[in-house]
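Colleague: sequence first, then the predicted structure, then my questions.
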Amino acid sequence: MVLLSMGLGLIAFASYYIIRLIDFLINTDDIIYIEQFVVPIIPLALGIVCLNNGLRRGEVLICTLKTGKVLRIPLLNKFEKAELEKVLRSQFKYK
């Protein structure tokens, strides 16, 4: 939920900035710096990534190894029992 709201906020900021930039381009004859075009790109890209991760659905199997490494394996509906066992064996090097 946090990623979803953060993504929406970043996209809203980028949209607002782009609208103001277009208005600035149309209505003034002042100097325009390249930074003004770059500023909305970074929040827009981060917002899209956060929105994508926030809307991702599905169960995730979280496994913590003895070494402290954490494995996150998405359990999609396409996994059947045999396929899931194969994925787990390949991830854990289990025989």
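Modeller: Sure, I can see it.

Colleague: please report how far G54 lies from L3.
Modeller: 4 Å (C-beta to C-beta, to the nearest Å). All C-beta atoms are positioned from the backbone trio N, CA, C, and that covers glycine.

Colleague: check which helices and strands the host helix or strand of G54 is in contact with.
Modeller: Element membership for G54 (DSSP states H and E) is helix 41-55. In terms of contacts (3 or more C-beta pairs under 8 Å, 6 or more residues apart in numbering; DSSP states H and E), helix 41-55 is packed against helix 2-27.

Colleague: show the average pLDDT along the next helix or strand after the helix it packs on.
Modeller: Next helix or strand after helix 2-27 toward the C-terminus (DSSP H and E): helix 35-38. The predicted model assigns helix 35-38 a mean pLDDT of 90.

Colleague: likewise for stretch 83-91?
Modeller: Mean predicted lDDT for stretch 83-91 stands at 71.

Colleague: what of stretch 48-58?
Modeller: 83.

Colleague: same deal with stretch 62-74?
Modeller: Here the average pLDDT along stretch 62-74 is 79.

Colleague: with just CA atoms, put that stretch into CSV.
Modeller: Provided in CSV are the C-alpha atoms of stretch 62-74 (Å, rounded to 0.1, in the frame of the first residue of the first chain):
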residue,chain,number,x,y,z
ILE,A,62,9.8,-15.9,1.6
CYS,A,63,12.6,-18.2,2.7
THR,A,64,15.4,-17.2,5.0
LEU,A,65,18.5,-19.3,4.7
LYS,A,66,21.0,-20.1,7.5
THR,A,67,23.4,-17.7,5.8
GLY,A,68,21.0,-14.8,6.3
LYS,A,69,20.1,-14.6,2.6
VAL,A,70,16.4,-14.1,1.9
LEU,A,71,14.8,-15.7,-1.1
ARG,A,72,11.4,-14.3,-2.4
ILE,A,73,9.8,-16.7,-4.8
PRO,A,74,6.5,-15.6,-6.4
